[in-house]
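**Q** After the sequence you'll find the predicted model.
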Amino acid sequence: MLRHNHTPENTIYVGDHPEDEAAGRSAGVKFQWGTDWIEQHQAAIVSLSSDVQ
């Protein structure tokens, strides 16, 4: 976070294991499950991947 001038308030830890959730909470940041993050950002992911090809 420090290297990119982020704070716990504007950081989200995205993970797929209970240990990831615990690490995010220990760091004082919001946690989001990876599957939920992908679902929320699917349109942008598809758009970016089609730009690369």
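**A** Good, I have the coordinates.

**Q** which sections of the protein are below the confidence cut-off?
**A** 51-53 (pLDDT under 70).

**Q** most centrally placed residue in it?
**A** Closest residue to the average C-alpha location of the chain: residue 14 at 3.4 Å, with CA atoms, centre = their mean.

**Q** Contact partners for it?
**A** 20, 31, 32, 33, 34, 37 (CB atoms under 8 Å, 6 or more residues apart in numbering). C-beta coordinates here come from the backbone N, C-alpha and C atoms, glycine included.

**Q** ok, the nearest residue to the fourth one once chain neighbours are set aside - how many residues close by?
**A** What that stands for is residue 33. Leaving aside its chain neighbours, residue 33 sits nearest to residue 16 (6.7 Å; criterion: CB to CB, 6 or more residues apart in numbering). Residue 16 has 11 neighbours, counted by other CB atoms under 10 Å.

**Q** Next one: residue 16 from residue 29, what distance?
**A** Look at residue 16 and residue 29: by CB to CB, to the nearest Å, they are 16 Å apart.

**Q** And the contacts of the helix ranked longest in the chain?
**A** Longest helix in the chain by number of residues (criterion: DSSP state H): helix 34-52. For helix 34-52, the external contacting residues (CB under 8 Å, 6+ apart) are 12, 14, 15, 16.

**Q** tell me which of the residues you listed is nearest to residue 24?
**A** residue 15 (6.8 Å; CB to CB).

**Q** Take the contacts of residue 14 and write them to CSV, including distance to residue 6 and neighbour count.
**A** Shown next, in CSV, are these (distance: CB to CB, whole Å; neighbours: other CB atoms under 10 Å):
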residue, distance to residue 6, neighbour count
20, 18, 16
31, 15, 15
32, 15, 17
33, 20, 14
34, 19, 12
37, 17, 15
